[in-house]
Each structure stands twice: as structure tokens, then as C-alpha cells.
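Engineer: here's my sequence, what's the structure:
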Amino acid sequence: MKAAELASRRVAILGAGREGQAAWRYLRSLHPEKPLTLVDENRPDPEFTARLTEFDRLLIGPLAEAGLEEFDVLVRSPGISPYRQSLRRARESGVEITSPSNLWFASHADQNTICITGTKGKSTTSALLAHMLDRCGLSVRLAGNIGRPLLDCDDQDVDWWVIELSSYQLADLQARPSVSLILNLSSEHLDWHGSDRAYRRDKLRLAELGADGVLIANAADSTLRASLASNEAIVWFNADSGMREKDGSLFDRDQLLLSGLPGNLPGRHNLSNAAAALTAVRAVGAEIPMALAAIPSFHALPHRMQTLGKRDGVRYINDSISSAPVATAAALEALEEEKVVLIIGGLDRGVDWTPYLSAFGADSVLAVIGIPDSGPDLLAQMKEVGVDPELGLHVARDLADAVSVAQGLAARGWVVLLSPGAPSFPHFKDYRDRGSRFAAYCGLELEAEESI
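Structural biologist: Below is the predicted model of the structure:
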């Protein structure tokens, strides 16, 4: 569906957050006097609502009470699940449901796009790939779940769009990516998708959408290998035939490219991310040596294993973007040579932490502090399996209390790590807000976020 098709139809935008606001700006620029309804279950940012026009109607409250069946088209923000009963009813009554991503792809069908997803690592890989292609002399735009919302991007003469896609965006996406890249697959967002099966189906949708282009996937992920076994056209990374991480080094087949990575990309998981990005570089015909040379100048993403600084000899690391246990386990692996006081917890989505609990028993983890809502339950699970760090398991009232407890435990030369393994809601606006508050509680500052 193209935006021009909405001119004479009754349209509601569901959600007035980052993506919903971008959809409003986009539609308002095309149809200045078209009546638009915005529906949000929480009151939006006052700065945004102050910009609404006489042609806009804002409804605040439950979606079930918004009369969604009265509209012709609903533009669904990614945070609103299409599996919710109110959207099911609207669909059954003949309402068409689209999304900001669908509107963008419909109007940019001729663009070169690299779409990236995965349970963990997609933000870092997307940003690293965009950085590599930029250093290779190409005109690159980083957008989607990272960078700017797609509908805020009206750039011209872009050689390659690098687009990070979450499962929220993939669930009903209509697109034909030039290159599709799937990093890994494990359980996440079960509350939104309704089941592990639905989550994996929605993530793997990128393989279906990218069937006519180049499809890249991680051979080291057993779930991906099994799920995509019937596809003979896949370009695998972490396989003997291509870019791969092996024994803490980066190889192209048998050729050693890098022994480890610079300090700006800690952990073996980032070697895998680099292998994925380089595989995409090769797929678009860019120069591998130039892409490799770009790695040392890459700046780690804010809120992803971001060193904030030191206070009293203690280093503070902000990994607020970590919203799944697999990401927290990767963070601990990256710090296996350190002494760590870990802060975990957030929205409880019913994800099974059992496969990852052993990571908290590592010698490097000297204390674990749990914050609401899931933190106390996670600490109880650790006790049940015998995880008993030297300085104990601690329940905190909130993030500020957790930082205070951590500062009382950590000694000079140690690391205090915020890697929640869970979403930030309902206690924070988003992971950025959570990370910013963590920095403030630590008495440190965040660097300004950059985009390509």
C-alpha cells in the first residue's frame, strides 16, 4: 500500500511514539488537510501533541475502546502487536492494517536495501555494516529499528540502505530486500508474539521476503541451520566456505583477517557480527580490505556495552539495549577476564532463562543485583540452580537503589555492568531512557548518539 492510496480513506495511526510520530509527519506532509486519528494507550510526548493540527484527533486509552472497526486503514506502530484481539476484530471487519515500514518500502521499491534481523547483535551489525560501506566510498543510510525511522528518511541518491528490522516490524512486513541477513534465533518477545513458535516464524519471515535477493545466515546457529536447511541458495557466514569466527579470530575461509577485535568491539560475539557484516560487504560488491580497515574507527553504539567511564577506580558499562538473556550472557562472556557486579531485570515477558543461568555462575561474576519487575524472580531461579556469587544475590527497589548497592560492593578495578536481559517498560520510556538514568545515577555522562 502506497501513501497516495490513503487520500480518501479513514486512517488511524496506532501508537504515538517514535514510529507513530514519523508516520504522522509523513502522512501530514503528503495530505496536509486530511483527517487523521492517532490512538495511544498512554499520553504522548507534549512536544509532539502541541504540533497536532485541527485536522488531527488524538484518542488516549485502551485500543479495545477506540472503535478501530470504524476505520478503513490502521497504521500499526511496531510496538503494537497485530495479534492483539482488538486488531484481530478490526481485521475481521474488513479494516486493512499496514505499518510505517510497509509504507516506506512501497514507495522505495527501486532502492538497494540490506535488511538485518536477529535476536541479538542486529543493532551493532547494522551500524558496523553501514560504517564499513561508508568507508568503502558508498552513500549509505542507516535506518529502521536503529538510526532514524524509515518514514523520516527522504534521502536521494543513496547507494545502499542498511535497515535493522525487529520481529515487531517483520510480523506483517511487505518488502523485497536486495540483501537479507539473519544473525541468530532464540526466544524473545513472547508476550508480544504470543508464543515461541510465532516469534520464530515472524523472525524467519525475512528469509521468505528475501527469497529473490541474496540471503545471508549464520551457520553457527543450530536453529537457523535447521529452519533454513531446505534453502540451497543461502550464503552462510561462520562456515568453512566464508567469513567466520574461529578461536577468537576472524577468518575468510582459511585466511586469517584479524586476531581478535579492537577494544571498541569486545567479545567473541562481535567477531561473529563482523563476519556477518563482511559477508554483506562482499555480497554488494564492496572492497573487503577497505571494510576491514574501517573496523578500528567504528564507535560502539550507545547503550550496547558502552563504557561510561570510571568513578573511584570502578568502570561502569551501560548495556541497556540488552533485552534478552542471550544478550546478557554475551555481555558476560565479553567480560570474562574482569570482576563484575551485574544488574539485571525488567519487564517479565515469560522468556525462559534456564539455558543462560550458568553464565551467572562464572568466576567473573562476583554479585548480581535484580531490579523490578523480573529481577527478584531471576535471583530466585539462580538460587535454585546453585548460582552463588562470592558477594551474593541482591534485590534492589529500583535502578537507583541497584547502582547504590553496586557501588557498595565493587572495588577498584572492578566493573559494574547494567545488562538487564529484559525490556525497559513500564519503569522507563525505552532502553535509551534506562541507560541515560543509569549513567546519571553513576554520576557519569552518555556520549551523544550518532547516525550515518
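Engineer: going forward, measure contacts between C-alpha atoms and count neighbours the same way
Structural biologist: OK.
Engineer: D373 is in contact with D398, correct?
Structural biologist: No - checked against Cα atoms under 8 Å, the pair D398 and D373 is beyond contact range at 9.1 Å.
Engineer: looking at the two, which is more packed in?
Structural biologist: D373 (20 against 16; other Cα atoms under 10 Å).
Engineer: quick one: the more buried one is in a helix?
Structural biologist: No - per DSSP: H, G, I helix; E, B strand; the rest coil, D373 lies outside any helix segment and is coil.
Engineer: tell me the helix or strand right after the longest helix belonging to the chain.
Structural biologist: When the chain is parsed with DSSP state H, its longest helix is helix 268-283. Following helix 268-283 in sequence order, the next helix or strand is helix 288-294 (DSSP states H and E).
Engineer: quick one: residues in contact with that next one.
Structural biologist: 131-133, 135-136, 278, 281-282 (Cα atoms under 8 Å, 6 or more residues apart in numbering).
Engineer: repeat the analysis, applying 6 Å as the threshold.
Structural biologist: With contact meaning Cα atoms under 6 Å, 6 or more residues apart in numbering, helix 288-294 is reached by 132, 136.
Engineer: for the helix or strand following that helix, buried residues please.
Structural biologist: Going down the chain from helix 288-294, the next helix or strand is strand 306-311, by DSSP H and E. For strand 306-311, the neighbour count (16 or more other Cα atoms under 10 Å) marks 306-310 as buried.
Engineer: again, but for stretch 154-164
Structural biologist: 159-164.
Engineer: need the distance between the two termini of it.
Structural biologist: For stretch 154-164, the separation between the terminal residues is 17 Å (Cα to Cα, to the nearest Å).
Engineer: gap between that stretch and the chain center?
Structural biologist: Distance of stretch 154-164 from the chain centroid (Cα atoms, centre = their mean, to the nearest Å) equals 19 Å.
Engineer: what's the average pLDDT for it?
Structural biologist: Average pLDDT, stretch 154-164: 92.
Engineer: in the chain, what secondary structure element scores lowest on mean pLDDT?
Structural biologist: helix 190-193 (a mean of 58; mean pLDDT, DSSP states H and E).
Engineer: what helices or strands is whatever helix or strand comes next after it leaning on?
Structural biologist: Sequence-wise, the next helix or strand downstream of helix 190-193 (DSSP H and E) is helix 196-209. Using 3 or more Cα pairs under 6 Å, 6 or more residues apart in numbering; DSSP states H and E, the elements in contact with helix 196-209 are helix 167-170.
Engineer: flag the shaky bits of the stretch 151-300 of the chain, pLDDT-wise.
Structural biologist: 187-194 (pLDDT under 70).
Engineer: now with 90, please.
Structural biologist: Per-residue confidence for the stretch 151-300 of the chain (pLDDT under 90) gives these ranges: 154-156, 167-168, 185-202, 232, 260-269, 299-300.
Engineer: then the stretch 1-150 of the chain?
Structural biologist: In the stretch 1-150 of the chain, residues with pLDDT under 90: 1-5, 79, 119-121, 145-148.
Engineer: ok, now the stretch 351-452 of the chain?
Structural biologist: For the stretch 351-452 of the chain, residues meeting the criterion pLDDT under 90 lie at 351-352, 355, 358, 425-426, 429-430, 445-452.
Engineer: all helices for it, in order.
Structural biologist: Assigned by DSSP state H, counting those that start in this stretch, the stretch 351-452 of the chain shows helices spanning 375-384, 399-409, 431-442.
Engineer: looking at those helices, which is nearest to T98?
Structural biologist: Evaluated over the helices of the stretch 351-452 of the chain, closeness to T98 peaks at helix 431-442, with 25.6 Å, by Cα to Cα.
Engineer: the closest one packs against which elements?
Structural biologist: By 3+ Cα pairs under 6 Å, 6+ apart, helix 431-442 packs against no helix or strand.
Engineer: what are the buried residues along it?
Structural biologist: 431, 434-439, 441-442.
Engineer: in TSV: those residues, plus distance to I116.
Structural biologist: Shown next, in TSV, are the buried residues of helix 431-442 (distance: Cα to Cα, whole Å):
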residue	distance to I116
Y431	20
R434	25
G435	24
S436	26
R437	29
F438	28
A439	29
Y441	33
C442	33
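Engineer: farthest-separated two in these?
Structural biologist: Largest separation among the buried residues of helix 431-442 by Cα to Cα: Y431 and C442, giving 16.4 Å.
Engineer: which residues does A12 contact?
Structural biologist: With Cα under 6 Å, 6+ apart, A12 has these contacts: 36-38, 74.
Engineer: which strand residues bridge it?
Structural biologist: T37, L74 (DSSP bridges).
Engineer: what about it, distance to R25?
Structural biologist: 13 Å.
Engineer: re earlier: among the buried residues of stretch 154-164, name the ones in strands.
Structural biologist: Mapping the buried residues of stretch 154-164 onto strands (DSSP state E) picks out 160-164.
Engineer: and for the closest residue to G79 other than its chain neighbours, the neighbour number?
Structural biologist: Spatial nearest neighbour of G79, excluding adjacent residues (Cα to Cα, 6 or more residues apart in numbering): Y168 at 6.5 Å. By other Cα under 10 Å, 21 other residues sit near Y168.
Engineer: Y168 contacts P78, correct?
Structural biologist: Yes - judged on Cα atoms under 6 Å, Y168 makes contact with P78 at a distance of 5.0 Å.
Engineer: just to revisit the earlier point, mind listing what's buried along the longest helix of the chain?
Structural biologist: Buried residues in helix 268-283, defined by neighbour count with 16+ other Cα under 10 Å: 268-281, 283.
Engineer: gap between that helix and the chain center?
Structural biologist: Distance, centroid of helix 268-283 to centroid of chain: 17 Å (Cα atoms, centre = their mean).
Engineer: which other helices and strands contact that helix?
Structural biologist: The contact analysis (3+ Cα pairs under 6 Å, 6+ apart) places helix 268-283 against strand 243-246.
Engineer: tell me the one among the ones in strands among the buried residues of stretch 154-164 nearest to L204.
Structural biologist: Out of those, the member with the shortest distance to L204 (by Cα to Cα) is E164, at 14.2 Å.
Engineer: who's in contact with the closest one?
Structural biologist: Counting by Cα under 6 Å, 6+ apart, the residues that E164 touches are 115-116, 144-145.
Engineer: cutoff 7 Å now
Structural biologist: Contacts for E164 (Cα atoms under 7 Å, 6 or more residues apart in numbering) come out as 115-117, 122-123, 126, 143-146.
Engineer: can you lay out the residues you listed as JSON lines showing secondary structure, neighbour count and distance to P325?
Structural biologist: Output for the contacts of E164, formatted as JSON lines (DSSP: H, G, I helix; E, B strand; the rest coil; neighbours: other Cα atoms under 10 Å; distance: Cα to Cα, whole Å):
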{"residue": "C115", "secondary structure": "strand", "neighbour count": "26", "distance to P325": "24"}
{"residue": "I116", "secondary structure": "strand", "neighbour count": "28", "distance to P325": "20"}
{"residue": "T117", "secondary structure": "strand", "neighbour count": "27", "distance to P325": "17"}
{"residue": "K122", "secondary structure": "helix", "neighbour count": "24", "distance to P325": "15"}
{"residue": "S123", "secondary structure": "helix", "neighbour count": "23", "distance to P325": "16"}
{"residue": "S126", "secondary structure": "helix", "neighbour count": "29", "distance to P325": "21"}
{"residue": "A143", "secondary structure": "strand", "neighbour count": "24", "distance to P325": "25"}
{"residue": "G144", "secondary structure": "strand", "neighbour count": "25", "distance to P325": "23"}
{"residue": "N145", "secondary structure": "coil", "neighbour count": "22", "distance to P325": "20"}
{"residue": "I146", "secondary structure": "coil", "neighbour count": "20", "distance to P325": "20"}
